[in-house]
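> Fold the following for me, if possible:
(one chain, ligands or ions: 1)
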Amino acid sequence: VAQNVVIRAYEPRDREAARKICCDTAFQGEPVEKFFTDREVFADALMNYYLDFEPESSFVAEVNGKVVGYVTACCDSKRYRRTFALRILPLLLLKSLARGVFWKRGTRRFAWAMVRGVLSGAVRAPKLRRMYPAHLHINFSREFRGEGFGKQLMERALEHLRDAGASGVHIVTVKENDGAVRFFRAMRFQPLEFLPAPYWEETVNEHKTALVMARSL
Ligand SMILES: CC(C)(COP(=O)(O)OP(=O)(O)OC[C@H]1O[C@@H](n2cnc3c(N)ncnc32)[C@H](O)[C@@H]1OP(=O)(O)O)[C@@H](O)C(=O)NCCC(=O)NCCS
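This next block holds a predicted model:
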């Protein structure tokens, strides 16, 4: 059945729908419960910067009045890092402690694997390159993939980043996520850097490598 999609700017009323899609698609398009069972903490970690500090760079795809996909973006990844470290991480750690994330069964493995990885230097953020200061995340509910909606939403986000003056944009995916890699290639992103992701091995016993891809605008 052909479906009509509306691509529009993110609005505060889309928040819960976007957070749900974020959690439903967290593990290569599969639900977050595969590796972490606290949706509240996970969605805060992945979405708060974009929805609270730069909401004008997020867009949603809506079908029959329902949000089925989103793109969250950031024009300046330096600003993202600073804001995350100073304004988001402290509250996230407090909330994690309050909710028992570091000792509960469904959350402790991933939480400690991340802490270990960051402290040991094994988990690194992508090297910031002047060419590609912007970054984004894009995710769709399962039933709405492969319909060309991702492409439309991506084009809207790229246009916004271009208008905001960014020279290029990068994304981080997982090398093993073939569908995503093909999608980003189709959107003219090129592989730029591989990053270790030991937390997947330590959490779900699957070896994965993070892949940074980028394109100019
Ligand atoms: C990745 C995702 C955002 C792509 O959106 P989509 O709506 O499914 O993609 P589209 O239908 O708009 O496809 C656009 C292009 O990408 C290609 N493409 C998309 N998904 C593909 C797949 N799984 N395999 C091969 N090609 C794919 C299409 O062939 C199309 O190419 P074309 O323009 O040359 O015809 C979406 O499938 C998704 O949310 N997947 C699960 C979550 C995920 O992996 N997100 C990325 C995390 S980094």
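
> Just list whatever residues bridge to H135.
C74, H170 (DSSP bridges).

> The residue of the chain found nearest the ligand: which element?
Here the residue of the chain nearest the ligand is G150; by C-beta to the nearest ligand atom that distance is 2.1 Å. In short, each C-beta sits where N, CA and C put it, glycine included. G150 belongs to helix 149-163 when assigned by DSSP states H and E.

> What are the contacting residues of that helix?
The contact list for helix 149-163, computed with C-beta atoms under 8 Å, 6 or more residues apart in numbering, reads 5, 7, 56-57, 59-61, 63, 68-71, 73, 75, 134, 136, 138, 140, 169, 183, 186-187, 217.

> For the spatially most central residue of the chain, which non-adjacent residue is spatially closest?
Closest residue to the average C-alpha location of the chain: H137 at 4.0 Å, with C-alpha atoms, centre = their mean. Nearest residue to H137 in three dimensions, chain neighbours excluded: T72, at 4.9 Å (C-beta to C-beta, 6 or more residues apart in numbering).

> Secondary structure class of the nearest residue to E206 once chain neighbours are set aside, three-state.
Counting by C-beta to C-beta, 6+ apart, the nearest residue to E206 once its immediate chain neighbours are dropped is W200, at 5.4 Å. Following DSSP: H, G, I helix; E, B strand; the rest coil, we place W200 in the helix state.

> when you give positions from now on, start the count at 875
All right, first residue 875 from here; so that's W1074.

> For W1074, which residues are in contact?
909, 1048, 1080-1082.

> Next: E907.
G980.

> do the same with E1075
1081-1082.

> likewise P1065?
Contacts of P1065 (C-beta under 8 Å, 6+ apart): 1085-1087.

> For R979, see how far away it is.
Here the distance between P1065 and R979 works out to 36 Å (C-beta to C-beta, to the nearest Å).

> I'd guessed the residue nearest to H1011 sits against L1010; true?
Yes: counting by C-beta atoms under 8 Å, T946 does reach L1010; the two are 6.6 Å apart.
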